Every structure is written in structure tokens, then in C-alpha cells.
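J.: coordinates only, sequence not included:
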């Protein structure tokens, strides 16, 4: 085609800075920011990780929560092998005690064979030994019962952390698989939305992303830990299991570990009554 027959389509003018994509967003779902346009979970702009996680979970997308609190100093650590409980505990120490050192101690105490932890009481005792060894004074106790209760909500609002076992779905969210996908997480904060629904912020060893789950779903998942079947990749492993199974008194079902005293200088609280 000759140049004289070409029709030239004018390029549309660039938009004038109405919306800009946040450079900090690394997830598939973008978060937009602009002084004249309300962004998803804009109430959490001071804690970008909370903003991203809440937006992806569709929690308080366009309305402010009544309250949220999170320990921003507890960072993700990726697990190696079936060490989710040991890795969650390591996160609470801030990585001061390596997961490998915690594994050696757990093995010495005969709590594990390969890093697995199927007894909440054993993990509680291990946590006490680990924090003692790094001279980090904390208060640790085992809680028995459904997690979706006033006691757990109060502990989280007051700054406690939880070590919780639950069934992990394909996206690592709590699900109901009878305990076949049992996995440990550390709960490092909470959120209450404008409908008084209670959510928790969690980390675990399979991703660096912060999670937001409803406390009700986590509680239901913890309460359905009835039996465990090792994944095919662990067929050759001999795991250390409680005599009465993971649903028994020495297992995981309806149990969690409450840890108070984790340094709270980096707690972010909204609304901040001190401001």
C-alpha cells in the first residue's frame, strides 16, 4: 500500500494523572492510589502489606475497620521440609534462633523425627526452651477449646500471638479436610470490621505473603483436625505421632498456644488512641 493511501489513526492523548498504580504492589490484583480516588483498603496505607492482604481477601475494601492490630516486626520465614511448626516458632523469635537449631532441640527432646509437630503441648514446651535459650522473657500457655471465643479475641486485641494448627487449602487458607492437610501458622494480629466480624493476620512457612482469615474459619479448621495422612512426598517418612492421635488430648484439635510478651514496640494499632 502506498503512503498516500494510508489512513493515520491519531494516538489518544495520555490520561492526566487521575490514577497511578502503586509501585509497591507485587500481586496480580493491582491497588491504585490517588489523593482524589479512594483506594482499596486505603485505611491501611501506612502498612502496605496489610493493605494488600486485606484487599486481596476483600476485607474492609471500602470501609474502615473498627479496630486492627498487627506486629509488623514478625517477618515471614520459608520452611524447609515438614517443619511448619518449628518455622512458625522461629518467626516469633525474629529469626534469632534458626529453624535448624530449633529442630535439633526438638529432636533431642524426642518431640519430632523430621521436623513435624503433631502435639501442641510439645510445641509449647519447645517454645519455652527456645525463648529461655535466647534470653527472651515471654509467657506461654496451651489453650484448649474452640478458638472463636471471647478469650482468644481478648488475647489478640491485647497483643498476644498464637501458634495454631489448621487444615491448609490449595491457597493456604483454612479449610475442612479432616486433618489431612494439617499445617501450623502464627497469628500476629487481628481486625474487626464494621459488622463486628473478627479476622486474624497470619503467617506460615509456605509463603512470604501475609494472610487475612476470619477467626471463625480458622477455628472451624482447627476443630476438624481428626486424623492425619502424610502427603505422597513423605511416604517414606516415619512421623512422631501422639498415642491418641492428633484429635486426642495430646494432639492438635481444639488447641492452640498463646504467647504473650513478644516485643510490641513495632505494633501498629488502628485507631491509635495515643495520637
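T.: Done, it's in. Quick caveat, the model's predicted, so the values are computed rather than measured.
J.: Contacts for stretch 54-72 next, please.
T.: With C-beta atoms under 8 Å, 6 or more residues apart in numbering as the contact definition, stretch 54-72 has outside contacts at 27, 29, 31, 38, 40-41, 43-44, 47, 49-50, 156-157, 159, 161, 188-194, 196, 199, 201, 211-213, 262, 264, 266-271. The C-beta positions use only the backbone N, C-alpha and C, and glycine is treated the same way.
J.: how far is it from where the chain is centred?
T.: 14 Å (C-alpha atoms, centre = their mean, to the nearest Å).
J.: go on, stretch 256-271?
T.: 14 Å.
J.: Return the distance of the residue most central in space within the chain relative to residue 147.
T.: A centroid search over the chain (C-alpha atoms, centre = their mean) returns residue 202, at 1.6 Å, as the residue closest to the centre. Residue 202 is 12 Å from residue 147, where distance means C-beta to C-beta, to the nearest Å.
J.: What of residue 60?
T.: Following C-beta to C-beta, the distance that separates residue 60 from residue 147 is 21 Å.
J.: List the neighbouring strands of the longest strand seen in the chain plus their orientation.
T.: Among the segments of the chain that qualify as a strand by DSSP state E, the longest is strand 182-192. Here strand 182-192 is paired, per DSSP bridges, with strand 67-71 (antiparallel), strand 161-168 (antiparallel), strand 198-203 (antiparallel).
J.: out of these, nearest to residue 251?
T.: strand 161-168 (8.7 Å; C-beta to C-beta).
J.: So what touches the helix or strand following that closest one?
T.: Using DSSP states H and E, the helix or strand that follows strand 161-168 towards the C-terminus is strand 174-175. By C-beta under 8 Å, 6+ apart, the residues outside strand 174-175 that reach it are 166-169, 181, 213, 217-218, 220-222.
J.: domain ranges for the chain?
T.: 14-63, 68-270 (automatic domain parsing).
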